[in-house]
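J.: give the three-dimensional model of this entry:
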Amino acid sequence: MRADVIHRDWAGFYSARTDLGTGRVNLPTGPSDLTLVVNNDSLYNRTYNALLTQFRYKATDRLDFGGNWTLSKSEGNFDGENAGSGPVLGGLQSFPEYFQARWNAPRAISPSTSATGRRSMGSSRSSRTSTTTSCRSPCSRASSPATPTARPAPSAVASFVTNPGYVNPPVREGYFFTNRDAFRTPNVFRTDISLNYAFRIGVLDLFLKPEVINVFNSQHQDTTASTFFDSTVLTADNGGACSNSPTGRCLPFNPFTTTPVEGVNWQKGPKFGQATNAFGFQQPRTYRIGLGLRF
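T.: Here you go, the predicted model:
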């Protein structure tokens, strides 16, 4: 048996700084607000803590059991990277007069948080039967029902902030209507069976490996990628309809002084949280077979 504790703490985040102190720059298209790329540790934070456990027990010469369980928690207000471009710039130093961090970048559990477990059993020597059961529970599905344009109304920033002197002030800022980690995927369980037979033919080893993936054909939603599930949020910014609004349309609100109300100022889309295609679900029951020679 073995257990490991892991702690990771990120630092040196890249940040885009655009404020009244950075000044302006003249471009061929005209003057523009100057943006500086800096490192910042005071506004951004990200941590990861995990407990990794594993065991293996050899019952006989032909039968052994094993398993592992990982409990992890990733938390912060900025990931600082993505799969497409690697490091990305934070925006908490860009036009700071136009947002508040408490609703624009709250700290929360990130989508990489999960608890995962796996157990397996099998035999040795010339043949091997392996049964693996895994579970993952629960993962953060999304940041929240807030899109990058979820602001009170088109050009809403100009309605609530007096431009202190920027050339191109922002039109919209992100707003988190709920806790950033309010939505989770369901528990995901899967059982796989793998058989591995080896035969000696002269100087050759012939092996046959049939497999069944997801034996019980579990069909839970299984994704933390926002491209595979619906995250539509209706607001005045996108002309959405809100069920409790006196006008039938989502009403604008002042994000600096007002707490928005679901059904009045914003509303989840009719398919919010649902998978948009097959990649949002578990892999269905799948049969595979491998055949080969070793020499």
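J.: pull the residues that contact stretch 39-49.
T.: Stretch 39-49 is contacted from outside by 5-15, 72-80, 90, 92-93, 101, 107, 110, 112, using CB atoms under 8 Å, 6 or more residues apart in numbering. C-betas here are computed from N, CA, C, even on glycine.
J.: with stretch 280-288 instead?
T.: Applying CB under 8 Å, 6+ apart, the contact partners of stretch 280-288 are 188, 190, 210-223, 228-229, 274-275.
J.: please identify the buried residues of that stretch?
T.: Gly280, Phe281, Gln282 (16 or more other CB atoms under 10 Å).
J.: which one is Val212 nearest to, not counting chain neighbours?
T.: Counting by CB to CB, 6 or more residues apart in numbering, Val212 lies nearest to Ile193, which is 4.8 Å off, once chain neighbours are set aside.
J.: now for the strand or helix carrying the one you found, which elements pack on it?
T.: According to DSSP states H and E, Ile193 maps onto strand 188-201. Judged by 3 or more CB pairs under 8 Å, 6 or more residues apart in numbering; DSSP states H and E, strand 188-201 is in contact with strand 127-136, strand 204-213.
J.: in the last one, which residues are buried?
T.: Using 16+ other CB under 10 Å as the test for burial, strand 204-213 gives Phe207, Lys209, Val212, Ile213.
J.: pull the number of nearby residues for Arg2.
T.: Applying other CB atoms under 10 Å, we find 9 residues neighbouring Arg2.
J.: that one contacts Gln54, doesn't it?
T.: Yes. If you go by CB atoms under 8 Å, Arg2 and Gln54 touch, sitting 5.4 Å apart.
J.: for burial, what's the neighbour tally of Arg172?
T.: Around Arg172 there are 19 residues (other CB under 10 Å).
J.: just checking, Phe279 is part of a strand?
T.: No. With DSSP: H, G, I helix; E, B strand; the rest coil as the criterion, Phe279 is helix rather than part of a strand.
J.: adjust the sequence numbering to begin at 15 for everything that follows.
T.: Sure, I'll start numbering at 15, so the last one becomes Phe293.
J.: and the pLDDT at it?
T.: On pLDDT, Phe293 comes in at 90.
J.: list the contacts of it.
T.: Phe293 neighbours (CB under 8 Å, 6+ apart): Thr237, Ala239, Phe242.
J.: list buried residues within these.
T.: The buried subset of the contacts of Phe293 (16+ other CB under 10 Å) comprises Thr237, Phe242.
J.: for the contacts of Phe293, give me CSV that also has secondary structure.
T.: Output for the contacts of Phe293, formatted as CSV (three-state DSSP):
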residue, secondary structure
Thr237, coil
Ala239, coil
Phe242, helix
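J.: tell me which residues of stretch 81-93 are tucked away?
T.: Going by neighbour count (16+ other CB under 10 Å), the buried part of stretch 81-93 is Gly81, Asn82, Trp83, Thr84, Lys87, Ser88, Glu89, Gly90, Asn91, Phe92, Asp93.
J.: CA-only coordinates of that stretch in PDB, if you can.
T.: The C-alpha trace of stretch 81-93 is given here as PDB (Å, rounded to 0.1, in the frame of the first residue of the first chain):
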ATOM      1  CA  GLY A  81      -6.600  -0.500  -7.100                       C
ATOM      2  CA  ASN A  82      -6.000   3.200  -6.700                       C
ATOM      3  CA  TRP A  83      -8.000   6.200  -5.500                       C
ATOM      4  CA  THR A  84      -7.200   9.800  -6.100                       C
ATOM      5  CA  LEU A  85      -8.900  12.700  -4.300                       C
ATOM      6  CA  SER A  86      -7.900  16.100  -5.800                       C
ATOM      7  CA  LYS A  87      -8.900  19.700  -5.500                       C
ATOM      8  CA  SER A  88      -7.900  22.500  -7.900                       C
ATOM      9  CA  GLU A  89      -8.900  26.000  -6.800                       C
ATOM     10  CA  GLY A  90      -8.200  29.500  -8.000                       C
ATOM     11  CA  ASN A  91      -9.500  32.500  -9.900                       C
ATOM     12  CA  PHE A  92      -7.400  32.000 -13.100                       C
ATOM     13  CA  ASP A  93      -6.100  28.900 -14.800                       C
END
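J.: just the mean pLDDT for it, thanks.
T.: Mean predicted confidence for stretch 81-93 is 88.
J.: same check, this time on stretch 59-74
T.: Confidence for stretch 59-74, expressed as mean pLDDT, is 91.
J.: show me the residues around Ala17 that make contact.
T.: Counted by CB under 8 Å, 6+ apart, Ala17 has contacts Leu65, Leu66, Thr67, Gln68.
J.: fine by me, thanks again.
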